[in-house]
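Trainee: No sequence on hand, only this structure:
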């Protein structure tokens, strides 16, 4: 073998970390990020202390990821005596202590798993893969891609060759586990042959997005005002204005194609399992109940300041129901199915929630609310895999699930307080879009002529003529626009703009009539300019 793989005289194969391994580039990127933060903290005397904390954290993570490349220990060493490697802390685990060998991909990381026998003296000195169980792991990420497959194959073949009776038992158990898994999947497909409920909610979400496009919304980043017009959730609109329907409509709206695609992908992954485990009818109950619960909890957090959209609350509810159902029915479900679902979906939920708590712009309250509601319904509802359950038990479970979610949603909505008045905000923004460009154009033209007169390039007579023919009509047009806008929306910003418009118009009228040179005219002009300056400051102070 070439490169990072060595063959020893006793037949052992040694797989060492490579600079071209999967973790090296990631380690270099993270370490560079830590160094850049440290440089920034040194260069800026006013840098927050937290920046040093991040620099140390990222630097430490980068060094930890570089450790396999710098270490003398091989990532995996397999031979007639057993298996050793970095994550086994240099210990060689003999084949007599290994009852099974497997391979897993956990959140993109390739891992060889070793199941040690109970009572093995190497349980204490080696590091468990999860918790304190019998399973040990050898991460293959530090190896080159080609070497990972070779290492896995080498461990599997050596286990069959040297482990004797344990290998035979493990092979029989793996075969039986495969048969049980296939039989379980086949039973689920026969119980729920069509996933029409999943297809329907996905089609609804995609259909609403396409309707948004037909209405002119931006496909990638629609305006929040447009989303609000289509039914986005807002605490003030729901609580103060009584528009409870927004709790549902918001869950089928999305902030662009990427937002929609991510939610639909996650829904497909978890929804196929939930629809088969619980049936189409109960799937719809889980989906819409979680959607409502997530939107209701969001009223206390994200929807206070921003409009809230997306099916993520419902998606997290589907995943929560799946995890609860797996735990509840773990004795009736093949062990491989339980481990697979709890590992893959559980890690996805934890990762997504962690990301939501650390990034802005993510409505994590909807995620948490949906997850809790879905888990509660998944625990109360009777899964189709429970063949001994009576029809009455299913109906009772459905009734309790509806009651629990209904009470939770009602309580959350009742306890919510109004936040930002998005209806007023968007109406004001729309009115300003109708007026502000015309005002800015009129003001720029007026100030240009005033500066020209002050520079001696325009006589007073020419300035007065321009005021009468161009500038006063332009400001009168702005005033008419302001009057029409004020008829539709009450706005402090429109009031400030009116002060500027009327002030300039009065000053121009005084200039045309020759009143600005008089003492009384100068005093009045000073009052107007002071009021206009205050209005301008207040106008600019608003976001």
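Mentor: Okay, I see it. All values derive from a computational prediction rather than experimental measurement.

Trainee: can you list contacts of the one helix or strand residue 527 maps to?
Mentor: Here residue 527 sits within helix 519-541, counting by DSSP states H and E. Helix 519-541 is contacted from outside by 492-493, 496-497, 499-500, 503-504, 506-507, 510, 515-516, using Cβ atoms under 8 Å, 6 or more residues apart in numbering. For the C-beta atoms, the positions are set from N, CA and C on the backbone; glycine is no exception.

Trainee: let's see it at 10 Å
Mentor: With Cβ atoms under 10 Å, 6 or more residues apart in numbering as the contact definition, helix 519-541 has outside contacts at 432, 436, 492-507, 510-511, 513-516, 518.

Trainee: where do the strands sit along this protein?
Mentor: For the chain, the strands defined by DSSP state E occupy 5-7, 13-15, 76-79, 82-84, 93-94, 98-106, 109-116, 135-139.

Trainee: Nearest to residue 157, out of those?
Mentor: Of all those, it is strand 76-79 that lies closest to residue 157, at 8.7 Å by Cβ to Cβ.

Trainee: So, low pLDDT: which residues of the stretch 101-250 of the chain?
Mentor: 106-108, 129-132, 177-178, 180-181 (pLDDT under 70).

Trainee: Quick check, pLDDT for residue 312.
Mentor: With respect to pLDDT, residue 312 has a value of 92.

Trainee: I meant residue 387, not that one.
Mentor: Looking at residue 387, its pLDDT reads 67.

Trainee: And for the one 4 residues further on?
Mentor: Per-residue confidence at residue 391 stands at 74 (pLDDT).

Trainee: okay, now it: neighbour count?
Mentor: 8 (other Cβ atoms under 10 Å).

Trainee: Quick one: residues contacting it.
Mentor: residue 382.

Trainee: any idea how far it lies from residue 244?
Mentor: 33 Å (Cβ to Cβ, to the nearest Å).

Trainee: before we move on, the earlier item: out of the strands of the chain, which is the most enclosed?
Mentor: A comparison of the strands of the chain by mean neighbour count, using mean count of other Cβ atoms under 10 Å, puts strand 76-79 on top with a mean of 26.

Trainee: Could you tell me the phi and psi values at residue 215?
Mentor: phi -90, psi 0 (degrees, to the nearest 10).

Trainee: what's the neighbour count on it?
Mentor: Residue 215 sits with 11 neighbouring residues when counted by other Cβ under 10 Å.

Trainee: In this structure it contacts residue 226, no?
Mentor: Yes. At 7.7 Å, residue 215 counts as touching residue 226 under the criterion of Cβ atoms under 10 Å.

Trainee: Quick one, grab the pLDDT at residue 305.
Mentor: According to the prediction, residue 305 has pLDDT 90.

Trainee: Now do the helices for the stretch 251-400 of the chain: every range, in order, please.
Mentor: Along the stretch 251-400 of the chain, counting by DSSP state H, counting those that start in this stretch, helices occupy 257-278, 280-298, 302-305, 312-328, 335-358, 364-380, 391-415.

Trainee: worst average pLDDT in these?
Mentor: For the helices of the stretch 251-400 of the chain, mean pLDDT drops lowest on helix 335-358, to a mean of 71.

Trainee: Please name whichever of the strands of the chain is nearest to residue 370.
Mentor: strand 98-106 (24.5 Å).

Trainee: Could you list every helix and strand in contact with the closest one?
Mentor: Under the contact definition 3 or more Cβ pairs under 10 Å, 6 or more residues apart in numbering; DSSP states H and E, strand 98-106 sits against strand 82-84, strand 109-116, strand 135-139, helix 145-162, helix 165-191, helix 335-358.

Trainee: The third one: how far from the chain's middle?
Mentor: Taking Cα atoms, centre = their mean, to the nearest Å, one finds strand 135-139 lying 30 Å from the centre of the chain it belongs to.

Trainee: helices or strands up against that strand?
Mentor: Here strand 135-139 touches strand 76-79, strand 82-84, strand 98-106, strand 109-116, helix 145-162, going by 3+ Cβ pairs under 10 Å, 6+ apart.

Trainee: Can you verify my assumption that residue 318 contacts residue 269?
Mentor: Yes. Assessed by Cβ under 10 Å, residue 318 is found in contact with residue 269 at 9.4 Å.

Trainee: These two: which has the busier surroundings?
Mentor: Per other Cβ under 10 Å, whichever of residue 318 and residue 269 has more neighbours is residue 318, with 34 against 16.

Trainee: what sits against the more buried one?
Mentor: Contact analysis of residue 318 by Cβ under 10 Å, 6+ apart lists 198, 201, 266-267, 269-275, 278, 283, 286-287, 290-291, 311, 345, 370-371, 374, 377-378.

Trainee: 6 Å instead, please
Mentor: For residue 318, the contacting residues are 270-271, 274, 374, by Cβ atoms under 6 Å, 6 or more residues apart in numbering.

Trainee: Pull the most distant pair out of those.
Mentor: Farthest pair in the contacts of residue 318 (Cβ to Cβ) is 271 and 374. Separation: 11.3 Å.

Trainee: ok, these two, which is more surrounded?
Mentor: The neighbour comparison of residue 271 against residue 374 (other Cβ under 10 Å) goes to residue 374, with 33 against 25.

Trainee: Next one: the more buried one from residue 202, what distance?
Mentor: Distance from residue 374 to residue 202, counting by Cβ to Cβ: 17 Å.
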